[in-house]
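>>> no FASTA, just this:
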Ligand SMILES: Nc1ncnc2c1ncn2[C@@H]1O[C@H](COP(=O)(O)OP(=O)(O)OP(=O)(O)O)[C@@H](O)[C@H]1O
């Protein structure tokens with residue numbers, strides 16, 4: 001697939017912070033690319049430069065191999081955060097309001113059907129649930145039938161059901177051949193939706209690839225989980241990580257760990273073995289300290 005969007009050595013410096021410090025990657029046409037990273041990593045700043053809304057301090061954004069032109073906004077859709085909805089207007093009025101900004105736009109009926117807006121079309125946007133609001137914002141982002149859609153943390157704050165409904169909509173949009181670029185804090189979401197992910201930290205892109213390739217590259221281990229109480233207060237030949245959720249052992253030698261546990265009389269009936277997840281990868285790459 002040809003490259004649709006390219007970040008070339010992007011830099012954004014604010015007076016006191018290097019928010020983005022030399023980020024390069026490309027997004028092939030038709031894929032969903034996910035940008036992940038802890039709070040303050042520089043994801044939103046990067047996406048704003050890619051959207052053409054913020055001017056880079058250095059570097060360049062290329063769309064179809066050329067610098068962004070005046071018509072770029074006709075090719076892209078941006079799912080803005082909630083403030084983009086006009087209060088006191090209904091969902092239908094909002095769609096008409098944003099549709100009028102483009103010389104030609106997609107049929108409202110198509111948008112309403114695709115984003116499942118039928119049940120609350122005539123509701124004041126202040127009275128929408130979180131999931132309905134996100135679907136209305138997605139409808140607005142799709143109004144000009146964009147080739148490239150930007151979604152900045154589209155499911156933050158949604159309950160698991162609403163989040164899954166939203167993923168289905170995103171899946172449909174992908175199957176219709178659109179290219180998507182999203183940021184998210186949910187590793188499960190990145191795994192479900194993204195063909196490729198980039199992990200940012202401190203303004204840098206620190207890893208990039210398909211979720212599966214990244215996991216394979218960083219982990220050839222298994223994770224064994226057990227209640228902490230069974231392992232606490234004893235010396236083991238392998239590292240044990242204790243957290244609220246229980247004790248975790250990462251190992252390439254499952255048999256020898258199990259042998260040692262059995263030899264020490266540990267009851268293994270509650271043992272759970274799983275492959276490493278994107279959450280593990282994220283913590284491994286960006287550290288376990290809390291950011292703000
Ligand atoms: N307009 C601004 N002026 C000054 N500093 C800014 C501005 N916008 C962002 N920053 C800083 O740049 C850094 C990166 O912020 P950014 O919002 O891009 O991170 P993020 O990865 O999107 O974080 P989050 O996941 O919390 O949304 C942060 O230190 C932030 O405080």
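Received, thanks. Please read all numbers here as calculations on a predicted model, not as lab measurements.
>>> buried sites along stretch 238-245?
Across stretch 238-245, burial judged by 16 or more other CB atoms under 10 Å covers residue 240. Just so you know, the C-beta spots here come from the backbone N, C-alpha and C atoms, and that holds for glycine as well.
>>> can you tell me the average pLDDT over that stretch?
Computed over stretch 238-245, the mean pLDDT rounds to 89.
>>> just the terminal-to-terminal distance for that stretch.
19 Å (CA to CA, to the nearest Å).
>>> roughly how far is that stretch from the heart of the chain?
27 Å (CA atoms, centre = their mean, to the nearest Å).
>>> can you check stretch 148-155 too?
8 Å.
>>> so what touches that stretch?
Contact partners of stretch 148-155, identified using CB atoms under 8 Å, 6 or more residues apart in numbering, comprise 4-5, 43-44, 47, 50-51, 63, 75-81, 134, 137-138, 141-142, 162-163, 166-167, 170, 173, 178-186, 189.
>>> residues contacting the most centrally placed residue in the chain?
Centroid check for the chain by CA atoms, centre = their mean gives residue 184 as the closest residue, at 2.8 Å. The contact partners of residue 184, taken as CB under 8 Å, 6+ apart, are 34, 36, 153, 154, 155, 156, 190.
>>> how close does it get to residue 166?
Between residue 184 and residue 166 the computed distance is 11 Å (CB to CB, to the nearest Å).
>>> residue 46 now?
Taken as CB to CB, the span from residue 46 to residue 166 is 22 Å.
>>> more neighbours: which of these two?
A count of neighbours by other CB atoms under 10 Å puts residue 46 above the other of residue 46 and residue 166, at 28 against 23.
>>> I figured the more buried one was touching residue 7, is that so?
Yes - with contact defined as CB atoms under 8 Å, residue 46 counts as touching residue 7 (6.9 Å).
>>> shared neighbours of these two, anything?
Common neighbours of residue 46 and residue 7 (CB under 8 Å, 6+ apart) are residue 23.
>>> show me where pLDDT drops low in this protein?
Low-confidence segments of the chain (pLDDT under 70): 81-83, 288-292.
>>> where along it do the helices fall?
43-50, 72-75, 91-99, 108-114, 130-141, 160-175, 187-193, 211-218, 228-231, 254-263, 278-286 (DSSP state H).
>>> can you redo those as a markdown table with distance to residue 148?
Output for these, formatted as a markdown table (distance: least, CB to CB, whole Å):
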| stretch | distance to residue 148 |
| --- | --- |
| helix 43-50 | 9 |
| helix 72-75 | 6 |
| helix 91-99 | 17 |
| helix 108-114 | 17 |
| helix 130-141 | 11 |
| helix 160-175 | 11 |
| helix 187-193 | 15 |
| helix 211-218 | 21 |
| helix 228-231 | 46 |
| helix 254-263 | 44 |
| helix 278-286 | 24 |
